[in-house]
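# just to be clear, the model below is a prediction. Sequence and coordinates:
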Amino acid sequence: MITKNESADLLAVPRSKRIVFFGDSITENGTYIRNLEAFFLKHLPEHRLEWINLGVSSETVAGTSEKDHPFPRPCVHERLERALAETRPDWVFICYGMNDGIYHPFGEARFEAYRDGLRQAVEQAQSVGARVILMTPPPFDVASIGGEALPDGKDMNEYSFERPYVKYNEVLERYAAWVQQYGEAEGLTVVDLRHPLSELIRKRREADAGYRYGDGIHPNEDGHWVIAQTILSRVFHLELERIPAWAEVDGGDSEFIRLVGQRRAVLNAAWREHVGHTNPNKLETPPLAEALQQAEALLPAIERAAALEGGTESAEVREWMG
């Protein structure tokens, strides 16, 4: 199932890291992070990676917010210093952009706020010794939205996440191109999410003209798998020849992925509320120490379920690593 990327050094696959994700509702959903943890628990169990999801719905890195949003959008800079101090990450993934353009036509002031905010976030993460991995904004698929998309020429107060600019994907394309250029100039790893996700949309729609990419903003299960697979390739240098059964849409009847999802739900909520945020929608969660114990207690059951659902490729990967 796994093949070596010939240009990559598999020794880059770490044995132990604390990996923190910052992002908006796509990251808060956490399905792609669940898939990453599931992959390592099943196929590379000797690599004990700690995955911390600090995604917050509606959040930006730019501090922007549209008039019709039900509350001022949270900004990661309201919590970033505290989050880094609490998590002490080895690696930091940063994925913003979808909300930062606030679903408006392109505007230079918003774009400048995005650039400044992302640079500041990168510098702050690097100041605590973390490796920074940037992810480009995912695509916006206007054909999948449930409401009305607005054309050019409207009053700026009319555009919002509920009534987005019809060509908002072109705005995000400009944001993503800058992320690529900035990341490369700074020597950072950049994970391009736009192209693989756009290709997923194209192929699915060719097969089914009525295919919906979630709600046009938030990918569904197959999109989250593409995000995880792209991270495995770009960051961990692992190429997958096929989708594992547990990663199929809804995980099929996989007890393994159900348990990994249960573990992630406990950890995601606890870390999000422990660090804190300005989104008024809070989650009910036990204290972090208790949540960590609950998550650890699930590992034996996860290991048993992984074994029952077939063998792992860890021996094959060890062989590549010498």
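Arrived safely.
# tell me, how many residues neighbour residue 215?
By other Cβ atoms under 10 Å, 14 other residues sit near residue 215. Yep, even glycine has a C-beta here, placed from its N, CA and C like the rest.
# just say helix, strand or coil for it.
coil (DSSP: H, G, I helix; E, B strand; the rest coil).
# so who does it touch?
Contacts for residue 215 were tallied using Cβ atoms under 8 Å, 6 or more residues apart in numbering; they are 144-146.
# could you check how far it is from residue 118?
Computed with Cβ to Cβ, to the nearest Å, the distance linking residue 215 and residue 118 is 25 Å.
# skip ahead from the helix or strand encompassing residue 123 and say which helix or strand is next.
Using DSSP states H and E, the secondary-structure element containing residue 123 is helix 108-127. Per DSSP H and E, the first helix or strand lying C-terminal to helix 108-127 is strand 131-135.
# show the buried residues in the contacts of residue 215.
Neighbour-count burial (16 or more other Cβ atoms under 10 Å) applied to the contacts of residue 215 gives 144-145.
# and the contacts of residue 215 as JSON lines, adding secondary structure and pLDDT?
Output for those, formatted as JSON lines (DSSP: H, G, I helix; E, B strand; the rest coil; pLDDT from 0 to 100):
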{"residue": "144", "secondary structure": "helix", "pLDDT": "97"}
{"residue": "145", "secondary structure": "coil", "pLDDT": "96"}
{"residue": "146", "secondary structure": "coil", "pLDDT": "89"}
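# so where's the chain uncertain?
For the chain, residues meeting the criterion pLDDT under 70 lie at 1-12, 249-252, 311-322.
# quick one, helices of it?
With DSSP state H as the criterion, the chain has helices at 25-29, 31-43, 80-87, 108-127, 168-185, 194-207, 221-234, 255-275, 288-297, 299-308, 314-320.
# now the ones you listed in JSON lines, with mean neighbour count and distance to residue 154?
As requested, the helices of the chain are arranged in JSON lines below (neighbours: other Cβ atoms under 10 Å; distance: least, Cβ to Cβ, whole Å):
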{"stretch": "helix 25-29", "mean neighbour count": "22", "distance to residue 154": "25"}
{"stretch": "helix 31-43", "mean neighbour count": "24", "distance to residue 154": "33"}
{"stretch": "helix 80-87", "mean neighbour count": "18", "distance to residue 154": "34"}
{"stretch": "helix 108-127", "mean neighbour count": "16", "distance to residue 154": "16"}
{"stretch": "helix 168-185", "mean neighbour count": "18", "distance to residue 154": "13"}
{"stretch": "helix 194-207", "mean neighbour count": "15", "distance to residue 154": "25"}
{"stretch": "helix 221-234", "mean neighbour count": "20", "distance to residue 154": "29"}
{"stretch": "helix 255-275", "mean neighbour count": "21", "distance to residue 154": "35"}
{"stretch": "helix 288-297", "mean neighbour count": "14", "distance to residue 154": "45"}
{"stretch": "helix 299-308", "mean neighbour count": "15", "distance to residue 154": "50"}
{"stretch": "helix 314-320", "mean neighbour count": "13", "distance to residue 154": "53"}
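# nearest to residue 156, out of those?
Of all these, it is helix 108-127 that lies closest to residue 156, at 10.5 Å by Cβ to Cβ.
# elements contacting the closest one?
Applying 3 or more Cβ pairs under 8 Å, 6 or more residues apart in numbering; DSSP states H and E, one finds that helix 108-127 makes contact with helix 80-87, strand 91-95, strand 131-135, helix 168-185.
# tell me which of the ones you listed approaches residue 276 most closely.
Going by Cβ to Cβ, the one of the helices and strands packed on helix 108-127 nearest residue 276 is helix 80-87, 6.7 Å.
# quick one: the closest one to helix 288-297, angle?
50 degrees (axes from the mean of the first three to the mean of the last three Cα atoms, to 10 degrees).
# which helices and strands sit right next to helix 80-87?
strand 16-23, helix 108-127, helix 255-275.
# the second one vs strand 131-135, what angle?
Note on geometry: by the same axes, to 10 degrees, helix 108-127 and strand 131-135 are set 150 degrees apart in direction.
# now the longest one
With the same axes, to 10 degrees as the basis, helix 255-275 and strand 131-135 are set at 110 degrees to each other.
# now helix 255-275 - C-alpha only, PDB.
The C-alpha coordinates for helix 255-275 follow below in PDB (Å, rounded to 0.1, in the frame of the first residue of the first chain):
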ATOM      1  CA  GLU A 255     -14.100  -0.300  14.600                       C
ATOM      2  CA  PHE A 256     -10.600   0.900  14.400                       C
ATOM      3  CA  ILE A 257     -11.400   4.300  12.900                       C
ATOM      4  CA  ARG A 258     -14.400   4.600  15.200                       C
ATOM      5  CA  LEU A 259     -12.200   4.300  18.200                       C
ATOM      6  CA  VAL A 260      -9.500   6.700  16.700                       C
ATOM      7  CA  GLY A 261     -12.300   9.200  16.100                       C
ATOM      8  CA  GLN A 262     -13.500   8.800  19.700                       C
ATOM      9  CA  ARG A 263     -10.000   9.400  20.900                       C
ATOM     10  CA  ARG A 264      -9.600  12.500  18.700                       C
ATOM     11  CA  ALA A 265     -13.000  14.000  19.800                       C
ATOM     12  CA  VAL A 266     -11.900  13.900  23.500                       C
ATOM     13  CA  LEU A 267      -8.500  15.400  22.700                       C
ATOM     14  CA  ASN A 268      -9.700  18.000  20.200                       C
ATOM     15  CA  ALA A 269     -12.300  19.500  22.600                       C
ATOM     16  CA  ALA A 270     -10.100  19.400  25.600                       C
ATOM     17  CA  TRP A 271      -7.100  21.100  24.000                       C
ATOM     18  CA  ARG A 272      -9.300  23.700  22.300                       C
ATOM     19  CA  GLU A 273     -11.000  24.800  25.500                       C
ATOM     20  CA  HIS A 274      -7.900  24.500  27.600                       C
ATOM     21  CA  VAL A 275      -6.000  27.000  25.400                       C
END
